[in-house]
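In: Next comes the sequence, and after it the predicted model I'd like to discuss.
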Amino acid sequence: MTDEDQVRRLLAEARHDEPMPDDVAARLDGVIADLREDKAPTAPVDHAALLRRRRVRSWVLAAAAVVVVGIGINQVDWSGMSMGGADGSGDSSAAEADAGSVPSTALESAPESPADDDAARARGELQWREARARLGRDDLARQAIALRATLPGVTLSSATAEAQEEYDSDGTDSGGLSYDVRCEFAPTGPGRVVSVTYDGDRGWLVYRAPQGESQVVDLYLCGRSKPTRSITLPAP
Amino acid sequence: MSTEPTDHDLLRAHVDGDPDAFGILFHRHRDRLWAVALRTMGNREDAADGLQDGLVAAYRRAGTFRGDAAVTTWLHRVVVNACLDRIRAAKVRRTEVLPDDLEEYRDRGSLAAATPAAEDPADLSVREERRRLVLDALGELPAEQRAALVLVDMEGYPVAEAAAMLDCAVGTVKSRCSRGRARLAELLGPLLADGSSEADHVVPRNPVPPAPVESDDAPRGPPTPA
């Protein structure tokens, strides 16, 4: 068997013969439904372009962050919704400063500007952006703690979390599935929202305000109106 | 005799205003389109985005379909072009991301079901590792070469049909495939030497994939319809 034959055989072996995943099928069905209703579906995010733009912005914003950090402002207002990865100019510098405490393979630096989210704020919605972290199913609490360590101003205790959305006792969302092509997150109470992928799916971690010695973190996936998982961490 | 509408019927109905026709058409072919997008893009998220781009383009440009090719060929062309456009625009660096389906395979029986029932777990592990190496190497190729190899060597389409899908000459597809295979042979050198002695891992080339729905379109590669 020649090398070329062997290569062809290996390629044939590596063929993908699984059906389209359910979540992708649901997403595309949603796109078709939008098209049918003559609504323009939101273009998929050009992650690389976004990242490039944000890197440029983050250099500028990081300079401002030095000033902010320098005057000791490290509090976060939990009474309002903080946008995922869009926590202002402090993000990039603080995240980089704490990066050593986080598994390097887990986190990505994808700071976002608050300006990006003005429209989303106005609509009361948040568009999923570049994942700040890629999370797996195993030991979500540990991953959430590691991610939290990269966020600025988490050592706070002043705010009070609003009541959480109801969710099933087993922490899974068996209902309320309404696919959202644009993958927007509607605020469900105050907290720090961070764009992530979870087991390959887009979503958000929402860090609720610490309550005493604990802090609740909810995981929302795109298209789900209720948390897919909810975990309790030691307060920062 | 099936009374199901043909692909051409559905596309025509869509152009004529049938609100459901395109969805049915896409549903018929989505698994293969997904496979092509996934292997061309190299990771799940980009594949979904590329496929969505292609889906929207096909939906809106259905009226431009001239009917001189199979509808599936046209659909593949739109999707592959959308993927390639996305790769060019975003300069996706495929080698940074492992194909997601490898993760999916890890704990699922689907791969086992596609392999001999009595396969030793060690053999299965070897197979998975080899698959990962192949996909990593595939990700090293220029996007056009990769797309040609995905269509011809992975999906088993005839070169002429792949050329129609890629909107280029047959000779161009052959050239891309040849150069791509040569590069893969370099990248997979140890694996090739290893593979030559593995009689127990022989897998038929261009396996016939399952066809969700048969089409009455012009003859094409696997899945072997009508």
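Out: Looks like it arrived, so ask away. All figures in this text were calculated on a predicted structure; none of them were measured in a lab.
In: Please give the element, helix or strand, for the closest residue in space to A:Pro19 that isn't next to it in sequence.
Out: Nearest residue to A:Pro19, sequence neighbours excluded (CB to CB, 6 or more residues apart in numbering or on different chains): B:Asp31, at 4.8 Å. (C-beta placed from N, C-alpha, C; glycine too.) Element membership for B:Asp31, per DSSP states H and E: helix B:21-41.
In: which other helices and strands contact that helix?
Out: helix A:22-36, helix B:7-15, helix B:44-61, helix B:71-90, helix B:143-149 (3 or more CB pairs under 8 Å, 6 or more residues apart in numbering or on different chains; DSSP states H and E).
In: Most tightly packed of these?
Out: helix B:143-149 (a mean of 25; mean count of other CB atoms under 10 Å in any protein chain shown).
In: Let me know the next secondary structure element after that one.
Out: helix B:159-166.
In: Show residues contacting that next one.
Out: B:69-70, B:73, B:76-77, B:80, B:144, B:147-148, B:151-152, B:157, B:169-170, B:172-174, B:177, B:220-221 (CB atoms under 8 Å, 6 or more residues apart in numbering or on different chains).
In: Tell me if the helix or strand just after it is near chain A.
Out: Next helix or strand after helix B:159-166 toward the C-terminus (DSSP H and E): helix B:170-187. Yes - for helix B:170-187, a contact with chain A is found by CB under 8 Å from any CB of the partner chain, at B:Ser178, B:Arg181, B:Ala182, B:Leu184, B:Ala185.
In: Contact partners for the third one?
Out: Under the criterion of CB under 8 Å, 6+ apart, the neighbours of B:Ala182 are A:Glu4.
In: what do you get for the last one?
Out: Taking CB under 8 Å, 6+ apart as the criterion, B:Ala185 is in contact with A:Asp3, A:Glu4, A:Gln6, A:Val7, B:Leu192.
In: make it 7 Å
Out: A:Asp3, A:Glu4, A:Val7, B:Leu192 (CB atoms under 7 Å, 6 or more residues apart in numbering or on different chains).
In: Relative to B:Gly63, which of those is nearest.
Out: The nearest member of the contacts of B:Ala185 to B:Gly63, counting by CB to CB, is A:Val7 at 40.4 Å.
In: Would you verify that A:Asp5 is located in a helix?
Out: Yes - A:Asp5: assigned to a helix according to DSSP: H, G, I helix; E, B strand; the rest coil.
In: Could you count how many residues lie near it?
Out: 13 (other CB atoms under 10 Å in any protein chain shown).
In: cool, and the one 10 residues further on?
Out: A:Arg15 is flanked by 21 other residues according to other CB under 10 Å.
In: quick one: it is in a helix?
Out: No - under three-state DSSP, A:Arg15 sits outside any helix and is assigned coil.
In: about what we covered before: can you convert the residues of helix B:170-187 next to chain A into CSV and add a column each for pLDDT?
Out: Formatted as CSV, these follow (pLDDT from 0 to 100):
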residue, pLDDT
B:Ser178, 95
B:Arg181, 95
B:Ala182, 94
B:Leu184, 94
B:Ala185, 93
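In: and the angle for the helix holding B:Asp31 with helix B:7-15?
Out: Here helix B:21-41 runs at an angle of 110 degrees relative to helix B:7-15 (axes from the mean of the first three to the mean of the last three CA atoms, to 10 degrees).
In: Contacts for helix B:21-41, please.
Out: By CB under 7 Å, 6+ apart, the list of residues contacting helix B:21-41 reads A:16-17, A:19-20, A:24-25, A:32, B:7, B:10-11, B:13-14, B:44, B:47, B:50-51, B:55, B:59, B:72, B:75-76, B:79-80, B:83, B:87, B:92, B:101, B:146-147, B:150-151, B:154-155, B:209, B:212-213.
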